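K.L.:
I'd like to go over a predicted model; first the sequence, then the structure.
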Amino acid sequence: MSYDIHFESVQQQGGTVTDFHVLTFGDYPQTVRIDGIQKLVNRFLKCLMTPAGTDLSDPRYGTGLMTMFLGNVDQNTIGQVVTLSVNAAVKTIQDYDLANAAPDTERLMTASIERLDFDSTSPGFDLYLRLTNVAGTTVILLVPDMKEFTG
Amino acid sequence: MANETVEIIEQDRLDAENFLVQVLSDKVPNGDFGKGDALRDFSVTAMSVIFAFLRREVDNVKKHQSLLLLQDDTGTDVDQAVDEILSNFFITRKTGRKSMGTVTLYFSQKPDSSSSVTVPTDSVFFKSSALPFLLNSDTALVYGASSFAPVADTTGAVTSYAIRVPVIALNAGSQYDVEAGPFVSFPKLQYAMKAENTAPFSGGASTESTADMIKRATTAISERSLNSPRAIDATLKNEFTTVDDLKVFGFGTPEMIRDLVTEEGTAIRLHTGGFTDVYLKGPITESSEFTGEIGGVFSDQRPGYYIFRDSLVDFEVENVAIGDVLHIYNNRPSEASEYIIKDVTPKALYVSRRSQFPRELPEVEDAYTDGVVSPSTVNRFSATNHTFVAADVDKWVRIYDSASGNDGTYIVSSVASPPDNYAMLLSTDPAIPDPITFNAETGINWELLTTVVEYSAGIVGPAYAEKVARRVGGAFTKIEQRSGVVVLPPEPIYRIREVYIEDSTDPELSVSGRITFLTRANTDTPAEPKDYPADPLDPDRLQYRVLCRNPEEAFSGWQLLELLVSWPEDETKFDGKTLHVVYDTLTGYNSTWEFMLQTDQRLACASVIPKGLHPVYLSMNIRYATAKMAIESLDTAAAAQALAAYINDFDVQEDFDISDVAAFLRTTYGVIGYIAPIVINYDLIAPDGRVIHYQTKDTGSNPGKIVIDADHYHPDYLMNDYDKLDDPLVEGVSSNTLRFLASSDMITFEAI
C-alpha cells in the first residue's frame, strides 16, 4: 500500500475562510504519511477545494466550490453549487481511481452531502459530507474542518 | 543566444512529469505519485515545467552544437548559432554585395571647352524611391567638354549630350540589380535633363543565408593557403564576397594548358606541372568602359615576357618569322646568346618566357630631351643638360623619336675640350657611312648608354644574320605598339557591347558623331565576303577583331588581349584616335588577382592564378501560344529577364538542354500554353579571342543539348577554319570551364 502526505485546512480565526489558501500540512513536527481511507478523504477534499482550471497538468481537475467565496451568494445558490461541486469531485476521483490500481480502502465508492447548515447570525455554512470507500467504510466529514464528524 | 526564447509545449511537460514520476517512484517506492495525490502535486507537477524547460534548453544547446541539426531549422537564433560555430573555424557570414552599374546622364548642352561639370561624391540617383544609388567613386568626378558624347536623333541632329557616371547601390541586395530604364531622380546639375541606365545593373547579392553558409563550410574548413583545391576554395570564398563558386585545375587535368612546353626539336608537348588555374564564378559587371589610343604603346603584362624592339627595323619587312633565331653578341657569360623567336610584330620580337632575355642590356646611364645636331657640324652631338667628358668615350648615344630622321645608335668616338664639350659620333650601322650627316634638329630625345645590344636575326646558323645583319640598337622592354590595335585591360573580358570612336569629322564613317564598329570578326584575312567589309568605308560594315596573344592565360590578369579596328590595306587609318570599348567583366576580379599573386599569399613553388570561366552566351527566340484559359498576356520583358537569370545561374556541370528552357518557362508562366520547338544559338568566346558559334535545335526526339562540340557548329559558320574550334581542349575549354550567360536583350518572344 502506497502512501500520500497529509494536509488539513487552515484554521482561520473565527472559522472563516478568507482566501484560497485553505490547505496546510498541519501543525506537526514532521510531514505525516497517510494511507487507507484518510488518503482517500484527502484526495477527495483536495479535488473539491481546488478551483477548476488551476491545476497545471489537468485543467478539468477541481470544482467551482471555492469560486463561490468570491462574491455574495444566497443560500439557495450555495446549495446548488455545493451539490454540483461534490458531484464533480466524485466523478474526478472515480475516474482517477479507474486509471490507478489503488487498494479498495483508497478508492471512492460514493460521496454525498450529509447536511448543509447555515447560521443566520453570521456568514458561512457548515458542510457535512458522507464518504464511503469501495471497501465499505464510511466517514462523515465537516468542511472546512475536514475532520471526521462524530456527532 | 542570450535573448533566445525557449518554448515548451504540453508534450514537453507531460514527458517531464512521466520522467519525474518514474524517477521518484524508483527512489520512493512507497510513495503514491498518482494523479490527484498531494505528493504528486508537490514533487512532480510543480517541478515538471522547470524540468521541461531545462530539457528543452539542453536539446537546443545540443542542436546548436551541430550543423547537421541546425541546417534543418530556421530563425535568428539558428543564424546566430551557425555564426558562432563557424567562427571557431574563422568562417564569417558574407555580408552581401552591392549592385553596380553606369548611369547615363543627359544634358541639354555641354560645357564650353574651358569649363566642366562636377558630379559630387554625395550625389544620389534614385531608380525608384526605394532604390537609391550613390556615386561609385571616392572623389568627385569631373567631366570636361570632351567627355560629353553628342546624342543625335534619326535625322542626325544633336539633341543632347551624355556622360556616363559609375554608381553603386546604397545597400547590398539583389533587388538593386535593376533592368535598363530611366531613373526617377538624379543630381540637379546644370542642364541635366534625365538619367537612365542603358544596361542592367548587376552584382547585387543579399547577406549569405545560413543554408549557404553551412554548405560553404564543408569546404571552408581547410588550410587557408592556395596550395590545394579545398584550401583555395576556403580561402577565396572567405576572403571575397564576389566569389560565388570556383573550380581548380592543376597538374594532370586536361584543362591545364599553361604548363605545356613544346620541345623545339620534336614539337612534343609536355606538361611540366607547377601551374594551377582557378576559374572563378561571380557576378558580372556590365558595361565597363575602356578607352585607349589606337596604335598607341601598351605594356605587356605577362611576367617574364620581354620584348625586343628596334625602332629602326621593321621585323616583318625583314621577313623575320616565328622559329627564327635572335642572336645576341654581347650577352653576359651567364646569359644565352641565341633565342628562338616565338612571335613577330612589325616593331617587336618575342621569345619564350622560359628563356628570358638578358634584361640588363642595354644599360641606360641617363635620358635627356635636349640633344642638338646640325649639318654644319658634321657628326657633332651636343646637349645642354649633359656635359660630355672624356669618360663618355666608347659609350653610345641612342637617338629616338626624332622628328627629322636622326634615329639610331651611335658610338662616342671623342669629346671636345671645355667649354665646347660636344661629342663626336660614329655610326654603328653599315647602312649609315661615316661621317654621319644629321638633319638639323634640336630638342632631341636621346639616351646615353654604357652597354648596347648587338644582335642579328635569321634562320641560318651559326651567325643567324641573313635577315637582320649584325647591328647595334634595340632594347628589351615590356612596351609594345601596333597599328590599329588597342590592348584591352588584363581582366576577363566577356561580352563586348560597343566599340566606337567619338569622331564626327569622317565624311564616310561618322554617324551621329561616332565611328562605330558593329561586327566582331574572327579574322582580318577572311575567305568569305561576310567576314570582311567589301567596302571598308561603309559604316554599316565596320568590324573589329579580338585576338589574345596568350590563350593559355586568357581571362586572367596576364592576358594580352588586342582589339584591332583596322584592315590590312589601311592599318594605320585610325591610329592616334581614342577608341571606346564597352564590355562586361567579372566583378571583383582584380582584387582576387592581386590577393592571389601578392607575395605573402602565392605559393613559392607554383603559379596559381585566377581566371574567369569561359563565357558562352545563349540567345534565342521563343515562339509561344497563350494558354486557352489564360486571362492575361505574357509579360515578355519579365519573362526574358527571368529566363536570363535562370540561364546565368545554371550549373554547367549539369546537362543543359532546350527542354530545361521550355520547362522553366511553363513552370514559371502559366499563361504559356504551347512553346514551339526552340533553336538556341550560343557563342563561345574562345581563349584566343574568337567567337565560335554553335546552334542546337529541339527536335522532340532529341532534346538539343547545349554542348561545345564540333557537331553543333552554327550552319552559317561551317565554311572557314577561323570560325571553328574542333578541339576546344587545346585552349583549355571543356564543359568544366564554361559558364552560360544570357541577357534579357538576347531573348525574344514571339506569339503564334
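P.N.:
The structure has been received and is ready for your questions.

K.L.:
where exactly do the helices run in the chain?
P.N.:
You didn't pick a chain, so chain A it is. A:36-49, A:75-99 (DSSP state H).

K.L.:
let's do chain B instead
P.N.:
Using DSSP H, the helices of chain B run over residues B:10-27, B:38-40, B:46-64, B:67-70, B:76-87, B:210-220, B:229-239, B:589-597, B:636-649, B:658-668.

K.L.:
chain center to the longest one, what's the gap?
P.N.:
Using CA atoms, centre = their mean, to the nearest Å, we find the averaged C-alpha position of helix B:46-64 to lie 55 Å away from the chain's own average C-alpha position.

K.L.:
which residues are contacting that helix?
P.N.:
A:56-57, B:1, B:4, B:6-8, B:12-17, B:19-20, B:69-70, B:73, B:77-78, B:81, B:84-85 (CB atoms under 8 Å, 6 or more residues apart in numbering or on different chains). C-beta: built from backbone N, CA, C; applies to glycine.

K.L.:
ok, of those, which come out buried?
P.N.:
Taking 16 or more other CB atoms under 10 Å in any protein chain shown as the criterion, what is buried in the contacts of helix B:46-64 is A:57, B:8, B:12-13, B:15-17, B:20, B:70, B:77-78, B:81, B:85.

K.L.:
Residues in a beta bridge with B:Val167, which ones?
P.N.:
B:Gly101, B:Leu135 (DSSP bridges).

K.L.:
Could you count how many residues lie near it?
P.N.:
For B:Val167, the neighbour count with other CB atoms under 10 Å in any protein chain shown is 28.

K.L.:
surely it meets B:Leu131?
P.N.:
No. In this structure, B:Val167 is not within contact of B:Leu131 by CB atoms under 8 Å, at 10.9 Å.

K.L.:
Flag the shaky bits of the stretch 401-550 of chain B, pLDDT-wise.
P.N.:
Residues of the stretch 401-550 of chain B meeting the criterion pLDDT under 70: B:525-536.

K.L.:
Can you name the residue of chain A nearest chain B?
P.N.:
Using CB to the nearest CB, the single residue of chain A nearest to chain B is A:Ser2, 3.9 Å away.

K.L.:
wait, isn't that residue in contact with B:Gly31?
P.N.:
Yes. At 6.2 Å, A:Ser2 counts as touching B:Gly31 under the criterion of CB under 8 Å.

K.L.:
hey, what's the nearest residue to B:Lys194 once chain neighbours are set aside bridged with?
P.N.:
The shortest distance from B:Lys194 to any non-neighbouring residue, by CB to CB, 6 or more residues apart in numbering or on different chains, is to B:Tyr106 (5.1 Å). Using DSSP bridges, the bridge partners assigned to B:Tyr106 are B:Ala162, B:Lys194.

K.L.:
Out of the helices of chain A, which one sits most buried?
P.N.:
Among these, helix A:36-49 has the highest mean neighbour count (mean count of other CB atoms under 10 Å in any protein chain shown), at a mean of 23.

K.L.:
Kindly format the C-alpha coordinates of that helix as CSV.
P.N.:
Listed next in CSV are the C-alpha coordinates belonging to helix A:36-49 (Å, rounded to 0.1, in the frame of the first residue of the first chain):
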residue,chain,number,x,y,z
GLY,A,36,-6.3,4.0,3.5
ILE,A,37,-9.4,6.0,3.8
GLN,A,38,-7.6,9.0,5.2
LYS,A,39,-5.7,9.2,1.9
LEU,A,40,-9.0,8.9,0.1
VAL,A,41,-10.5,11.7,2.2
ASN,A,42,-7.5,13.9,1.5
ARG,A,43,-7.7,13.3,-2.3
PHE,A,44,-11.4,14.0,-2.4
LEU,A,45,-11.2,17.2,-0.4
LYS,A,46,-8.3,18.5,-2.3
CYS,A,47,-10.2,18.0,-5.5
LEU,A,48,-13.3,19.6,-4.0
MET,A,49,-11.5,22.6,-2.9
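
K.L.:
Let me know the angle separating it from helix A:75-99.
P.N.:
Here helix A:36-49 runs at an angle of 130 degrees relative to helix A:75-99 (axes from the mean of the first three to the mean of the last three CA atoms, to 10 degrees).

K.L.:
Please see if helix A:36-49 touches chain B.
P.N.:
Yes. Looking at helix A:36-49 against chain B by CB under 8 Å from any CB of the partner chain, the contacts come from A:Lys39, A:Asn42, A:Arg43, A:Lys46, A:Cys47.

K.L.:
which ones are touching the third one?
P.N.:
A:Arg43 makes contact with A:Asp4, A:Ile93, A:Tyr96, A:Glu106, B:Gly36, B:Asp37, B:Ala38 under the criterion CB under 8 Å, 6+ apart.

K.L.:
Walk me through the domains of chain B.
P.N.:
Residue ranges for the domains of chain B, per automatic domain parsing: B:10-87, B:100-197, B:210-283+B:590-611, B:285-295+B:482-586, B:367-440, B:613-751.

K.L.:
Can you tell me which of these is most buried?
P.N.:
domain B:285-295+B:482-586 (a mean of 19).

K.L.:
end to end, how far does that one reach?
P.N.:
Domain B:285-295+B:482-586 has an end-to-end distance of 6 Å (CA to CA, to the nearest Å).

K.L.:
And stretch B:460-473, by the same measure?
P.N.:
Counting by CA to CA, you get 21 Å between the two ends of stretch B:460-473.

K.L.:
what comes up buried for that stretch?
P.N.:
Here stretch B:460-473 shows B:Tyr464, B:Ala465, B:Lys467, B:Val468, B:Arg471, B:Val472, B:Gly473 as buried, counting by 16+ other CB under 10 Å.

K.L.:
residues from chain A in reach of chain B?
P.N.:
Counting by CB under 8 Å from any CB, the residues of chain A that sit close to chain B are A:2-7, A:39, A:42-43, A:46-47, A:55-58, A:61, A:92-93, A:96, A:99-100, A:102.

K.L.:
which bits of chain B sit near chain A?
P.N.:
Checking chain B against chain A by CB under 8 Å from any CB, the hits are B:13-14, B:17, B:30-32, B:34-39, B:41-42, B:45, B:48-49.

K.L.:
separation between the residue in the stretch 151-300 of chain B that chain A sits nearest to and B:Gln65?
P.N.:
Chain A sits closest to B:Thr210 of the stretch 151-300 of chain B, with a gap of 35.9 Å, by CB to the nearest CB. B:Thr210 is 15 Å from B:Gln65, where distance means CB to CB, to the nearest Å.

K.L.:
which residues sit against stretch B:616-627?
P.N.:
With contacts defined as CB under 8 Å, 6+ apart, stretch B:616-627 is touched by B:495, B:633-634, B:639, B:643, B:647, B:661, B:665, B:670-676, B:678-685, B:706, B:708, B:738-743, B:746-752.

K.L.:
At which residues are the strands of chain A located?
P.N.:
A:4-5, A:8-9, A:23-24, A:33-34, A:108-118, A:125-133, A:138-143, A:147-148 (DSSP state E).

K.L.:
Closest to the centroid, which residue in the chain?
P.N.:
Assuming you mean chain A. Centroid check for chain A by CA atoms, centre = their mean gives A:Leu45 as the closest residue, at 2.0 Å.

K.L.:
that's the other chain; I wanted chain B
P.N.:
Compute the mean C-alpha point of chain B, and by CA atoms, centre = their mean the closest residue is B:Pro492, 2.1 Å away.
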